[in-house]
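>>> turn this into a structure:
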Amino acid sequence: QLQLVESGGGLVQPGGSLRLSCAASRFTLNYYGVGWFRQAPGKEREGVACINNSGGTTYYAESVKGRFTISRDDANNAVILQMDNLKPEDTGIYYCQKEAYLGVQSMCRSEYAFWGQGTQVTVSQ
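Numbers count the residues shown, from 1 in each chain. This is a model prediction of the structure:
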């Protein structure tokens, strides 16, 4: 099974930063586009940031533009989501997903059948 593992979540105050990692096991992640999605309590899952396989194209949801940065860490077979100036509305479980065919915008707007365990991000005083 091609598995992605999310890590790096935690509790942070508003205005703080977190760095999430999406690491792949048993396959090479840079063959795929990768997206970060989040699900807030009582809300549907949404795509927040997606990157193509080369790292040259990215897409961000309007709510995170200018605050989140997605990048590839090919040396560690991972994709990173750097989250700065965090707000309480960023609270949720963050998941990553891989995509072989769709472009970044389509990927971030797609639904997927299978998800990993995700990592919890809580932004609170």
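>>> packing partners of whichever strand or helix holds residue 121?
Using DSSP states H and E, residue 121 falls within strand 119-123. When contacts are defined as 3 or more CB pairs under 8 Å, 6 or more residues apart in numbering; DSSP states H and E, strand 119-123 sits against strand 10-12, strand 18-25, strand 92-99. (Each C-beta comes from the backbone N, C-alpha and C, glycine too.)
>>> most neighbours per residue, which of these?
Highest mean neighbour count of the helices and strands packed on strand 119-123: strand 92-99, a mean of 22 (counted as mean count of other CB atoms under 10 Å).
>>> coming back round to it: residues making contact with the strand holding residue 121?
With contact meaning CB atoms under 8 Å, 6 or more residues apart in numbering, strand 119-123 is reached by 6-14, 16, 18, 20, 38, 83, 86-94.
>>> one more time with 7 Å
Residues outside strand 119-123 that contact it (CB atoms under 7 Å, 6 or more residues apart in numbering) are 6-9, 11-12, 14, 18, 20, 86-88, 90-94.
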